[in-house]
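> here is my input, please return the structure:
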Amino acid sequence: MNRLVEIRSQEFLCRERAALDSKRRPFWLAQAEEWEQRALDEIARHFRECNQAELNAA
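Next up, the predicted model:
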């Protein structure tokens with residue numbers, strides 16, 4: 001889950017930059033959305049791995 005923390009940190013930084021850089025706000029918000037999607041993908045991957053491990057143990 002360390003990877004998720006790193007991804008969420010990048011998302012936060014992009015959102016922070018969007019708040020501070022009005023000229024490039026759309027760019028930074030788009031970047032934040034990409035990082036958010038990566039976070040969701042990471043969460044889904046984690047649950048798939050956990051579920052697969054449980055199936056293999058059964």
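> contacting residues around the spatially most central residue of the chain?
Centroid check for the chain by CA atoms, centre = their mean gives residue 39 as the closest residue, at 2.3 Å. With CB atoms under 8 Å, 6 or more residues apart in numbering as the criterion, the residues that contact residue 39 are 4, 7, 8, 11. Any C-beta I mention is one placed from the backbone N, CA and C, and that applies to glycine too.
> for the third one, give its distance to residue 35.
In other words, residue 8. Per CB to CB, to the nearest Å, residue 8 is found 8 Å from residue 35.
> out of these two, which sits in the busier spot?
Just comparing residue 8 and residue 35: by other CB atoms under 10 Å the higher neighbour count belongs to residue 35, 19 against 15.
> hang on, the more buried one packs against residue 11?
Yes. When contacts are counted by CB atoms under 8 Å, residue 35 is listed as touching residue 11 (3.7 Å).
> just for the chain, where's the confidence low?
Within the chain, the set of residues satisfying pLDDT under 70 is empty.
> the longest helix in it is where?
If each helix of the chain is counted by residues according to DSSP state H, the longest one is helix 25-57.
> so how many other residues sit close to residue 25?
Applying other CB under 10 Å, we find 13 other residues in the vicinity of residue 25.
> residues touching it, list them.
The neighbours of residue 25, taking CB under 8 Å, 6+ apart as the test, are 18, 19.
> same thing but at 10 Å, please
Taking CB atoms under 10 Å, 6 or more residues apart in numbering as the definition of contact, the neighbours of residue 25 are 17, 18, 19.
> check the gap between the closest residue to the second one other than its chain neighbours and residue 43 for me.
To tie it back to what came earlier, the one meant is residue 18. Taking CB to CB, 6 or more residues apart in numbering as the measure, residue 18 lies nearest to residue 28, with 3.6 Å between them; neighbours along the chain are not counted. In this view, residue 28 and residue 43 are 23 Å apart by CB to CB.
> repeat for residue 11
Residue 11 sits 13 Å away from residue 43, taking CB to CB as the criterion.
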